[in-house]
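S.K.: Just a sequence and a predicted model for now, questions to come.
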4 protein chains.
Amino acid sequence: MKKIGIVGATGYTGVELLRILATHSGVSVNQVTSRSHAGSRVDAMFPNLRGYIDLEFSQPDIDKLSACDLVFFATPNGIAMQSSKPLLDNGVKVIDLAADYRIKDLSVWEKWYGMQHTTPELVESAVYGLPEIYREQIKTARLVANPGCYPTAVTLGLLPLLEKIDSLIADCKSGASGAGRKANVGTLLSEASGNFKAYAVDGHRHQPEIAQTLSTLAGKAVDLTFVPHLLPMIRGIHATLYTRLDSTQDIQDLYEKQYSNEPFVDVMPIGSHPETRSVKGSNVCRISPHRPGDGKQVVILSVIDNLVKGAAGQAVQNMNLMLGLDETQGLMTPAFLP
Amino acid sequence: MKKIGIVGATGYTGVELLRILATHSGVSVNQVTSRSHAGSRVDAMFPNLRGYIDLEFSQPDIDKLSACDLVFFATPNGIAMQSSKPLLDNGVKVIDLAADYRIKDLSVWEKWYGMQHTTPELVESAVYGLPEIYREQIKTARLVANPGCYPTAVTLGLLPLLEKIDSLIADCKSGASGAGRKANVGTLLSEASGNFKAYAVDGHRHQPEIAQTLSTLAGKAVDLTFVPHLLPMIRGIHATLYTRLDSTQDIQDLYEKQYSNEPFVDVMPIGSHPETRSVKGSNVCRISPHRPGDGKQVVILSVIDNLVKGAAGQAVQNMNLMLGLDETQGLMTPAFLP
Amino acid sequence: MKKIGIVGATGYTGVELLRILATHSGVSVNQVTSRSHAGSRVDAMFPNLRGYIDLEFSQPDIDKLSACDLVFFATPNGIAMQSSKPLLDNGVKVIDLAADYRIKDLSVWEKWYGMQHTTPELVESAVYGLPEIYREQIKTARLVANPGCYPTAVTLGLLPLLEKIDSLIADCKSGASGAGRKANVGTLLSEASGNFKAYAVDGHRHQPEIAQTLSTLAGKAVDLTFVPHLLPMIRGIHATLYTRLDSTQDIQDLYEKQYSNEPFVDVMPIGSHPETRSVKGSNVCRISPHRPGDGKQVVILSVIDNLVKGAAGQAVQNMNLMLGLDETQGLMTPAFLP
Amino acid sequence: MKKIGIVGATGYTGVELLRILATHSGVSVNQVTSRSHAGSRVDAMFPNLRGYIDLEFSQPDIDKLSACDLVFFATPNGIAMQSSKPLLDNGVKVIDLAADYRIKDLSVWEKWYGMQHTTPELVESAVYGLPEIYREQIKTARLVANPGCYPTAVTLGLLPLLEKIDSLIADCKSGASGAGRKANVGTLLSEASGNFKAYAVDGHRHQPEIAQTLSTLAGKAVDLTFVPHLLPMIRGIHATLYTRLDSTQDIQDLYEKQYSNEPFVDVMPIGSHPETRSVKGSNVCRISPHRPGDGKQVVILSVIDNLVKGAAGQAVQNMNLMLGLDETQGLMTPAFLP
């Protein structure tokens, strides 16, 4: 039984990690830290965990965390980069669910995240935790940068087409849990329900993250327009992806071949419209490529649960790979419908 | 054209006042104050008002507000009691949408609101702004305490039965806008949507307010159990009221007679189940009394829009009465359905 | 591996049974029937089951269903009573999730369900499937009447007080999935979201079901007022229960003792307000008893997921008992939050 | 006072027409027809209209309707084309809120609507009721084809750019009321809330309607990709429009000039993200054009209330023009927020 620590588990990615790990037969959660809630029971904050997680939040402590085999950082941006090094030095594996290690170009990272990076050397060695691309590297990684939610949905949706395209539009929609569990007027029920809007049209942090992956894989700069929107619901990301293909390639076949062996990518039957609820609570990305009127315009629909395949579920998938467990362990549950 | 000021108009009762007054032909809004947003345009915060309210938030200033005929306080509890006196002394009429002047017994008020009252003399002279009971007093009042949202729905629902009952249960449900427009984890969309819960079962500030009105009218202490719940939606209060009647009184007839001349209380056809959406955006309270199986148990259903008849709409109704305008002016619009 | 059949699995209790059974290690689902969808894949209708349920809907066929160890009826009222007998005669155990076998008094049943019962002899032998009361009988039952959703929440909420009370009020609120997955104007998103209402105040089928259980246990007629309401959300029931107690009994202690060994009833810490989301997707009923102001009035809060402990989860709990499996098998997953 | 009839007023566009016309000072609603509900009160179906509309639904009758100055058809597609002619012959003006007269090319219409047109001669004479383009023609029209909801949001969003573009993508999202008030599994609250999906990616009826207007105005074929999505909320359309501009045109200036005199198109301040709730219940289209990174890619955000500017409100705007009333009469109310 591998020992797991979670730093900063009072947010939505934290409680989702706890929900998934509570029934994972290969690991046990030993440490759950929170500076602000140290000393109070985890299940007092999250009553759904009553009977499953018998722990109190503790102060983050490198020594205690070093008794773990692997530590998740479910913290705001800028925390993991300050605490990962001593853990890694003590032989603990680390997965950061925030953005500290996702962007290789430090100047880009510092521009978008508005702070100076304190451990640039770790950025270089960190592996980007998208198993459908970097599975082999993740297996031996000591430090994994868990991808952002939008980048997961968009990258998986475009991966099979990468060699064939130059210019991309990603019109993305996310549930409000993507904004986290912090007091904020904009995501109050009275502000965000019964409402829909775009945001950050003129630039969003996930644009360079997606562009980095796509450009690296394509071997050339990719021109990506990324527009996020806020959905009046809790969970789910829907990416509607637009590009043009000159060839008459059978894209359904292309997608099915790309993902035929992937346990967590489901290419739907031809002509499908994947719904976000079809992945609610599950680690699956469901995709359906379309070519309206058999023209050059291609429209790809890609859905994930932003808290699972877009965060905690993917982190557990990475953990399984890093700890030599079965990649799907603890993650084989159907989505929650209705 | 009467001149109106609104103090503290950045919350939901404030924007709802502005929405209603924007098309009111008898008054003009001259002053809209906010300490935190002074200098910024009102319609930058509330784009629905673009083209209707051409004002900036200003610092609250007694001299400038004294140029108004009437000032609304749409402020948190404890603000109106500090600023009403100089306005009243300058001949300005005042309506407080908060709770500062609702409770006559100061010790009760101070216990529930956790502060000392700074103008007890005004509490005595303030009129409780429920026109269906205190219409004549409101017409000549200089200071009106606008009722709470739950008290409006419950009091109107029980008024016709007052002489006949001793013991009451009010099981009430409110939309999240009742909690206001302040950053707060508990009313985030991700916390409050898809969810339902009771709160404050062991005591809520609106219990003594309701009990005061009912006991005063009944001429004896009324035993009231009040349990509020939070609904996963923005607007609406539904009060389900339980009491027992020994007589075989025809309660439908009783209710219809009580409210036959009231412009904003609608007794529905017998056997109805009023929906909160049937009053969304309107100043109406819809009521349906039931007597299941013709037994002694009585169940009364009463619905209002918490921001209209439960706050801003009722305040405008009071304003109309205080300024000698037609009571219904600016308030005759159908509810918003669907 | 026990073999399971599900008759009529195109509704919400059906898909929820499939979701739960998909990861249950002690049984396999062999037959899923639907007259209207025979021949089409189950996971075409419910894509969340892709990769978990590799079956087509088939025509209901007594011979094929007789190869199962146990058959669930997830059908409308009036179906199970026509098909259970041949299955029982063939040695198949049966759980009916509808109401055909819940009410012992046939005249009451026929009045509320508007049809004549075709197998009255089975009504007598059927066991009411509330394990917290009838566990031992369920273990040896051949035919179990799975309780209604409201009755589960109300009965568990009142059970510890039964000997002490005469008169009860159950103010209950349910998510829209309780109305089922059939085309219906009243539960369209555009009708039911952003809205709240009571319904069936003058009489609802679940009233006699609850009264039957409570009266049987109390050994006397119980006077129950039951008022259901429709919540603008998918899942969850919240029962707010009112009664009066003359004694000074410590009710928190009473509830904790009653349920100390129950795997699926969680008495929350004193003063709690259980939220419906704290049981979303789980088989738990969370309860908190209150006594405001330490008076005679008692308020009990009881929440369940109407599709799990209120339907499919409880049915699986009953199945486990009937098949000699561990009672909690397949049901130990934390609720889904946020 | 002009006399108005509404044919088929039991759907959402019908009740919205009634809500708007209830307070319109220039017209009175004399006839409200419904085959299925003839004889029952309008306010029994729509209690929000109690006190505002004192009418029963009647059987549609050409003679009685001919006493009106103008008749709205708020019927399903294919009804208006059968009944408009006798009304027009009797001198009654007609506005069809369905699609019968929107598409000039009958073969296109018949392909998409799956029926043969019964009055092709009227198609030719009908004016497309988008006042921002066809105001002068509408003023003298006898028959107006009220535009579809998506076409209104998309066409107004693209109009200022028409001369400069060839290829367009319209990624559109609509609330569920766009699907109408008919019993349907797909738009049940339990199916459509907490969920998001695209639909009709391979072809939707509104694509040819939009393309017809844009191509006519541009004087050349426009290549339009149109992808609609279903939002988990009642009202609102958000169009996210993508095109590329070679010039360095100041698009904010372009939009402001285009719409400077339009009462119902609001170009927001530069850099805005219009929210659907900012137009809820109002007849306004709010637009914000963006050019991320000052590149060639242009992103225009356009929002309307699908039932108001996308249906009933625009129909009243057309009615005002056709009857010689002030274009804005009855339509000057702020949106409903929160």
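M.R.: Sure, I can see it.

S.K.: How is chain A partitioned into domains?
M.R.: A:2-125, A:150-306 (automatic domain parsing).

S.K.: Next up, the contacts around the closest residue to residue A:11 other than its chain neighbours.
M.R.: Nearest residue to residue A:11, sequence neighbours excluded (C-beta to C-beta, 6 or more residues apart in numbering or on different chains): residue A:181, at 4.8 Å. (Each C-beta comes from the backbone N, C-alpha and C, glycine too.) Shown in contact with residue A:181 (C-beta atoms under 8 Å, 6 or more residues apart in numbering or on different chains): A:10, A:11, A:12, B:185, B:188, B:190, B:191, C:338.

S.K.: Now do residue A:181, the pLDDT please.
M.R.: Residue A:181 carries a pLDDT score of 96 in this model.

S.K.: same thing with residue A:162?
M.R.: Confidence at residue A:162, expressed as pLDDT, is 89.

S.K.: Distance of it relative to residue A:135?
M.R.: 17 Å (C-beta to C-beta, to the nearest Å).

S.K.: which of the two has more neighbours?
M.R.: Between residue A:162 and residue A:135, counted using other C-beta atoms under 10 Å in any protein chain shown, the more crowded position is residue A:162 (19 against 16).

S.K.: Keeping just the C-alphas, turn the one helix or strand residue A:43 maps to into PDB.
M.R.: Following DSSP states H and E, one finds residue A:43 within helix A:42-45. Extracted C-alpha coordinates of helix A:42-45, given in PDB (Å, rounded to 0.1, in the frame of the first residue of the first chain):
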ATOM      1  CA  VAL A  42     -11.500  16.700   6.600                       C
ATOM      2  CA  ASP A  43     -15.000  15.200   6.700                       C
ATOM      3  CA  ALA A  44     -16.300  18.300   8.600                       C
ATOM      4  CA  MET A  45     -15.600  20.300   5.500                       C
END
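
S.K.: gap between that helix and the chain center?
M.R.: Distance of helix A:42-45 from the chain centroid (C-alpha atoms, centre = their mean, to the nearest Å) equals 24 Å.

S.K.: Same check on stretch A:217-227?
M.R.: On C-alpha atoms, centre = their mean, the centre of stretch A:217-227 falls 19 Å from the chain's centre.

S.K.: for that stretch, how far is the first residue from the last?
M.R.: Terminal residues of stretch A:217-227 lie 22 Å apart, using C-alpha to C-alpha, to the nearest Å.

S.K.: Quick one: residues contacting the residue in the stretch 201-338 of chain A that chain C sits nearest to.
M.R.: Using C-beta to the nearest C-beta, residue A:335 is the residue of the stretch 201-338 of chain A that sits closest to chain C, at 3.7 Å. Neighbour list for residue A:335: A:277, A:278, A:279, A:280, A:281, A:282, A:284, A:305, C:48 [criterion: C-beta under 8 Å, 6+ apart].

S.K.: Check residue A:26 too.
M.R.: A:1, A:2, A:320, A:323, A:325, A:326, A:329, A:330.

S.K.: top of those by neighbour count?
M.R.: Highest count within the contacts of residue A:26 by other C-beta under 10 Å belongs to residue A:320, 23 neighbours.

S.K.: Check which helix or strand it maps to.
M.R.: Here residue A:320 is assigned to helix A:313-322, by DSSP H and E.

S.K.: ok now that helix, how far from the chain's centre?
M.R.: 11 Å.

S.K.: go on, stretch A:7-27?
M.R.: With C-alpha atoms, centre = their mean as the basis, stretch A:7-27 stands 14 Å off its chain's centre.

S.K.: Most widely separated two among the contacts of residue A:26?
M.R.: With distances taken as C-beta to C-beta, the most widely separated pair in those is A:1 and A:326, at 14.6 Å.

S.K.: Residue A:264 touches residue A:332, doesn't it?
M.R.: No: between residue A:264 and residue A:332 there is no contact, the gap being 9.8 Å when judged by C-beta atoms under 8 Å.

S.K.: Neighbour count: these two, which is higher?
M.R.: Higher neighbour count among residue A:264 and residue A:332: residue A:264, with 25 against 15, using other C-beta under 10 Å.

S.K.: Please list all residues in contact with the more buried one.
M.R.: By C-beta under 8 Å, 6+ apart, the contact set of residue A:264 is A:131, A:132, A:283, A:284, A:285, A:309, A:317, A:328, A:331.

S.K.: List the backbone torsions phi and psi for it.
M.R.: When read as degrees, to the nearest 10, the backbone of residue A:264 gives phi -120, psi 20.

S.K.: That one and residue A:256, how far apart?
M.R.: 15 Å.

S.K.: got it, and residue A:325?
M.R.: Applying C-beta to C-beta to residue A:325 and residue A:256 gives a distance of 28 Å.

S.K.: CA atoms only for stretch A:83-102, dumped as CSV, please.
M.R.: Taking Å, rounded to 0.1, in the frame of the first residue of the first chain, the C-alpha atoms of stretch A:83-102 are listed here in CSV:
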residue,chain,number,x,y,z
SER,A,83,8.0,23.0,-1.8
SER,A,84,8.7,20.4,-4.4
LYS,A,85,12.4,20.4,-4.2
PRO,A,86,13.0,19.1,-0.7
LEU,A,87,10.4,16.4,-1.2
LEU,A,88,12.0,15.3,-4.4
ASP,A,89,15.4,15.4,-2.7
ASN,A,90,13.9,13.1,-0.1
GLY,A,91,12.9,10.6,-2.8
VAL,A,92,9.2,11.5,-2.8
LYS,A,93,7.5,11.7,-6.1
VAL,A,94,5.5,14.8,-6.9
ILE,A,95,2.5,15.7,-9.0
ASP,A,96,1.5,19.3,-9.3
LEU,A,97,-2.1,19.9,-10.2
ALA,A,98,-1.4,23.6,-10.6
ALA,A,99,0.6,25.3,-13.4
ASP,A,100,4.0,25.7,-11.9
TYR,A,101,5.8,23.1,-14.1
ARG,A,102,3.6,23.1,-17.2
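
S.K.: In TSV: the domains of chain A, plus distance to residue D:27.
M.R.: As requested, these are exported to TSV (distance: least, C-beta to C-beta, whole Å):
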stretch	distance to residue D:27
domain A:2-125	51
domain A:150-306	30
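
S.K.: which one of those domains has the most crowded surroundings?
M.R.: Neighbour counts (mean count of other C-beta atoms under 10 Å in any protein chain shown) averaged over each of the domains of chain A peak at domain A:150-306, with a mean of 21.

S.K.: about what we covered before: now do the helix holding residue A:320: which elements does it pack against?
M.R.: If you count contacts as 3 or more C-beta pairs under 8 Å, 6 or more residues apart in numbering or on different chains; DSSP states H and E, helix A:313-322 packs onto helix A:12-21, strand A:70-73, strand A:93-96, helix A:131-140.

S.K.: Ok, which of those comes nearest chain C?
M.R.: helix A:12-21 (5.0 Å).

S.K.: Now the helix or strand that comes right after that closest one: average pLDDT?
M.R.: Using DSSP H and E, the helix or strand that follows helix A:12-21 in sequence is strand A:27-33. For strand A:27-33, the mean pLDDT works out to 97.

S.K.: Strand A:27-33 - contacts with which helices or strands?
M.R.: Using 3+ C-beta pairs under 8 Å, 6+ apart as the contact test, the elements touching strand A:27-33 are strand A:2-7, helix A:12-21, helix A:62-65.

S.K.: Try it again at 6 Å.
M.R.: Here strand A:27-33 touches strand A:2-7, going by 3 or more C-beta pairs under 6 Å, 6 or more residues apart in numbering or on different chains; DSSP states H and E.

S.K.: could you dump the strand it packs on to PDB, C-alpha only?
M.R.: Taking C-alpha atoms only, strand A:2-7 is exported to PDB below (Å, rounded to 0.1, in the frame of the first residue of the first chain):
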ATOM      1  CA  LYS A   2       1.700   3.200  -1.200                       C
ATOM      2  CA  LYS A   3       1.500   6.200   1.100                       C
ATOM      3  CA  ILE A   4       0.000   9.400  -0.400                       C
ATOM      4  CA  GLY A   5       0.100  13.000   0.800                       C
ATOM      5  CA  ILE A   6      -2.100  15.900  -0.500                       C
ATOM      6  CA  VAL A   7      -1.000  19.500   0.000                       C
END
